[in-house]
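In: 3D, please:
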Amino acid sequence: MELAGGQVLVAGAGVTGRPVAVALAGMGARVTLTDGNAERLAELSDLLVLGVALVPGLAEPPAGTTLVVTSPGWRPSSPLLVAAAEAGIEVIGDVEFAWRVGQERENPPAWLAITGTNGKTTTVGMLESILRAAGVDAVACGNIGYSVLDAVLAGHEALAVELSSFQLHWSRTLAPKASVVLNLAEDHIDWHGSMAEYAAAKGKIHARSETVVHNLADEWSTRLADENAPAEARHVAFGLGTPRPGELGLVEELLVDRAFVDDPARNADELAELGDVRPPGPHNVSNALAAAALARAYGVDPAAVAKGLRDYQPGPHRAVLVGEAGGVRYINDSKATNPHAAAGSLRAHADVVWIAGGQLKGASVEELVASIAGRLRGVVLLGVDSPVIAAAVARHAPDVPVRELHPGDDDPMTAAVSAASAMARPGDVVLLAPAAASLDMFDNYMRRGDAFAEAVGVLVAGEQPSDGG
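Out: You can find the predicted model right below:
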């Protein structure tokens with residue numbers, strides 16, 4: 001990229017805006033950083049010493065702009081980005097920019113790229129752990145809070161990259177060593193406009209990939225691999241059944257590879273045991289197989305797969321047991337921000353009191369509720385779209401008690417945990433798996449999960465016997 005002396009606009013002052021602006025300034029570009037939130041922009045005033053111009057609320061690029069680098073959350077319909085496109089200015093995302101920066105380094109990092117509706121962060125974490133177990137200088141980055149540009153500039157050998165549909169929409173030349181679409185279900189329809197556009201963005205991860213990995217159990221995953229992979233790409237599949245040649249799968253209690261072996265018709269490598277996978281559950285076994293496939297594409301040996309899965313520590317708010325009282329376990333899966341994610345969590349338990357609700361973002365819950373109706377002991381709902389979920393429960397599980405909490409409740413999560421506790425019996429699980437976003441009531445899904453854990457902590461403490469004092 002010949003950017004020295006050129007005028008570049010960075011759209012968005014969030015997590016990705018700062019490192020992009022700093023990198024561009026270091027390349028000698030004349031940088032303007034804009035954001036609709038003037039306060040957030042002002043927090044980056046230290047960039048002024050680098051020559052970065054901070055201009056709130058731009059509606060069109062400054063004169064002479066040759067490139068726009070946008071933060072992933074900005075929609076294509078944003079007036080500024082529309083104006084740039086109409087002026088013939090190239091618009092790319094922070095991930096595409098990071099890719100181009102990496103390709104100009106003496107030793108470009110290998111990208112092992114992961115997308116999908118659900119399971120991305122878990123799979124990226126597993127992959128990072130496997131790579132490190134193999135002695136690879138690797139880091140998890142991307143849509144997990146650590147900018148992929150920062151990871152590139154740090155000089156890591158391999159990147160386990162989580163990519164959102166927003167980031168992929170703005171990608172142009174990204175060419176991972178290996179890539180996977182874990183699964184696809186309705187999500188972010190409000191941003192993309194349709195399921196077809198959402199899927200098209202996800203599929204771009206494969207467009208220049210060397211090894212394309214897909215999930216045998218997910219129709220969209222298979223379809224996107226078939227439609228988007230280069231003709232010369234290697235195809236690898238994974239699933240929860242006995243693997244055929246070219247696949248990873250399960251043989252009894254073992255995770256097995258018949259893709260990355262000398263003679264897949266005759267040989268298979270044992271990668272790990274089911275007990276090595278945490279958190280438990282079929283969806284996380286699937287995630288582990290996907291991570292193993294990407295690691296094997298990079299050349300990791302089987303022993304490192306097993307060690308990496310054993311070493312992996314699941315992130316917070318992802319199917320974490322936060323307490324037990326009266327024989328009832330309380331599990332926090334606040335990260336289940338859409339119906340597909342909630343389904344995987346709910347299916348891991350036989351008898352569940354389900355705490356759900358929030359912003360569905362246009363997604364349907366009909367299929368979810370119908371598929372888990374037989375597991376429900378009760379349902380507690382909170383948030384703006386709770387009536388939608390309540391109606392689905394009434395249709396598919398009419399005998400299951402439902403408690404809807406109202407916005408006026410002083411502490412809705414405490415009330416939700418109390419209501420769920422009253423519905424649960426010994427041996428049941430009270431599961432926070434909202435199937436919806438959190439921003440109608442909480443700052444983010446993490447704060448929602450923290451509120452659940454705090455409420456459970458109060459409940460558990462109340463059941464402890466007195467010390468007699």
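
In: for stretch 372-382, output the C-alpha coordinates as CSV.
Out: Taking Å, rounded to 0.1, in the frame of the first residue of the first chain, the C-alpha atoms of stretch 372-382 are listed here in CSV:
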residue,chain,number,x,y,z
ILE,A,372,-36.7,-27.9,23.3
ALA,A,373,-40.3,-27.9,24.5
GLY,A,374,-39.9,-31.3,26.1
ARG,A,375,-37.0,-30.1,28.3
LEU,A,376,-38.7,-27.1,29.8
ARG,A,377,-39.8,-27.1,33.5
GLY,A,378,-40.6,-23.4,33.3
VAL,A,379,-39.7,-20.2,31.5
VAL,A,380,-38.9,-16.8,32.9
LEU,A,381,-38.8,-13.9,30.5
LEU,A,382,-37.4,-10.4,30.6
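
In: mind listing what's buried in that stretch?
Out: Buried residues in stretch 372-382, defined by neighbour count with 16 or more other Cβ atoms under 10 Å: 372-373, 375-382. Yep, even glycine has a C-beta here, placed from its N, CA and C like the rest.

In: do stretch 143-159 as well
Out: Those buried within stretch 143-159 under the rule 16+ other Cβ under 10 Å are 143-144, 147-153, 156, 158-159.

In: tell me which of these is nearest to S77?
Out: Closest to S77 out of the buried residues of stretch 143-159 is N143 (21.1 Å), distances taken as Cβ to Cβ.

In: which stretches of this structure have low pLDDT?
Out: Counting by pLDDT under 70, the chain contains low-confidence residues at 186-192, 407-410, 463-469.

In: tell me the one of the buried residues of stretch 372-382 nearest V82?
Out: Closest to V82, out of all of the buried residues of stretch 372-382 and judged by Cβ to Cβ, is L382, at 37.2 Å.

In: quick one: L240 from T117, how far?
Out: 18 Å (Cβ to Cβ, to the nearest Å).

In: in terms of neighbours, single out the busier of those two.
Out: T117 (25 against 16; other Cβ atoms under 10 Å).

In: right, and the more buried one touches V181 too?
Out: No: here T117 lies out of contact with V181, judged by Cβ atoms under 8 Å, at a distance of 9.0 Å.

In: from the buried residues of stretch 372-382, which is closest to V15?
Out: Scanning the buried residues of stretch 372-382 for proximity to V15, where the rule is Cβ to Cβ, the winner is L382, at 28.1 Å.

In: wait, what's in contact with the closest one?
Out: With Cβ atoms under 8 Å, 6 or more residues apart in numbering as the criterion, the residues that contact L382 are 355, 357-358, 404-405, 409, 412-413, 416, 441.

In: just the buried members of those?
Out: For the contacts of L382, buried by 16+ other Cβ under 10 Å: 355, 357-358, 405, 412-413, 416, 441.

In: inside helices: which ones of the buried residues of stretch 372-382?
Out: I372 (DSSP state H).

In: just the ones in strands from the buried residues of stretch 372-382, please.
Out: 376-381 (DSSP state E).

In: hmm, which two among the residues you listed are most spread apart?
Out: Farthest pair in these, by Cβ to Cβ: R377 and L381, 14.4 Å.

In: domain map for the protein?
Out: 7-88, 97-311, 320-462 (automatic domain parsing).

In: M1: which of the ones you listed is closest?
Out: domain 97-311 (5.6 Å).

In: tell me how far that closest one lies from the chain's centre.
Out: Relative to the centre of its chain, domain 97-311 is centred 12 Å away, using Cα atoms, centre = their mean, to the nearest Å.

In: ends of it, what's the gap?
Out: Using Cα to Cα, to the nearest Å, the end-to-end distance of domain 97-311 comes to 32 Å.

In: mind putting the contacts of L382 in a markdown table, secondary structure and distance to D428 included?
Out: Converted to a markdown table, the contacts of L382 look like this (DSSP: H, G, I helix; E, B strand; the rest coil; distance: Cβ to Cβ, whole Å):
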| residue | secondary structure | distance to D428 |
| --- | --- | --- |
| I355 | strand | 13 |
| G357 | coil | 19 |
| G358 | coil | 23 |
| E404 | strand | 20 |
| L405 | coil | 20 |
| D409 | coil | 23 |
| P412 | helix | 21 |
| M413 | helix | 19 |
| A416 | helix | 15 |
| M441 | coil | 25 |
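
In: and the residue nearest to the spatial centre of the chain, how close does it get to E253?
Out: Closest to where the C-alpha atoms of the chain average out (Cα atoms, centre = their mean) is K120, at 4.0 Å. To E253, K120 is 26 Å away according to Cβ to Cβ.

In: go on, T70?
Out: Separation of T70 from E253 (Cβ to Cβ) stands at 47 Å.

In: next, the nearest residue to Q359 once chain neighbours are set aside: phi, psi?
Out: Using Cβ to Cβ, 6 or more residues apart in numbering and skipping residues adjacent in sequence, the residue nearest Q359 is A437, 4.1 Å away. As for A437, its main-chain torsions (degrees, to the nearest 10) stand at phi -70, psi 170.

In: so who does A437 touch?
Out: 337-338, 358-361, 445.

In: if you set the cut-off to 10 Å instead, what comes out?
Out: 187-188, 337-338, 358-361, 363, 383-385, 444-445, 448 (Cβ atoms under 10 Å, 6 or more residues apart in numbering).

In: next: D35.
Out: 10-14, 17, 41-44, 54-58, 71, 74.

In: let's see 7 Å
Out: 12-13, 41, 56 (Cβ atoms under 7 Å, 6 or more residues apart in numbering).

In: just V152 next, same as before
Out: V152 neighbours (Cβ under 7 Å, 6+ apart): 98, 101-102, 109.

In: neighbour-wise, which of the residues you listed leads?
Out: Result: A98 is most packed of the contacts of V152 (other Cβ under 10 Å), 31 neighbours.

In: show residues contacting stretch 307-324.
Out: So stretch 307-324 is contacted by 121-122, 125-126, 129-130, 132-133, 272, 276-279, 281, 288, 329-335, 345, 445-446, 449, 453, 456-457, 460 (Cβ under 7 Å, 6+ apart).

In: report the buried members of those.
Out: Among those, those classed as buried by 16+ other Cβ under 10 Å are 121-122, 125-126, 129-130, 132-133, 272, 276-279, 281, 288, 329-335, 345, 445, 449, 453, 456.

In: OK, contacts around L163?
Out: By Cβ under 7 Å, 6+ apart, L163 lies in contact with 95, 113-115, 142-143, 205.

In: repeat that with 8 Å
Out: If a contact means Cβ under 8 Å, 6+ apart, then L163 has 95, 113-115, 120, 142-143, 171, 205 as its contacts.

In: for the residue nearest to it when sequence neighbours are not counted, grab phi and psi.
Out: Sequence neighbours aside, T115 is the residue nearest to L163 in space, at 4.6 Å (criterion: Cβ to Cβ, 6+ apart). Note on T115: backbone dihedrals following degrees, to the nearest 10 are phi -140, psi -180.
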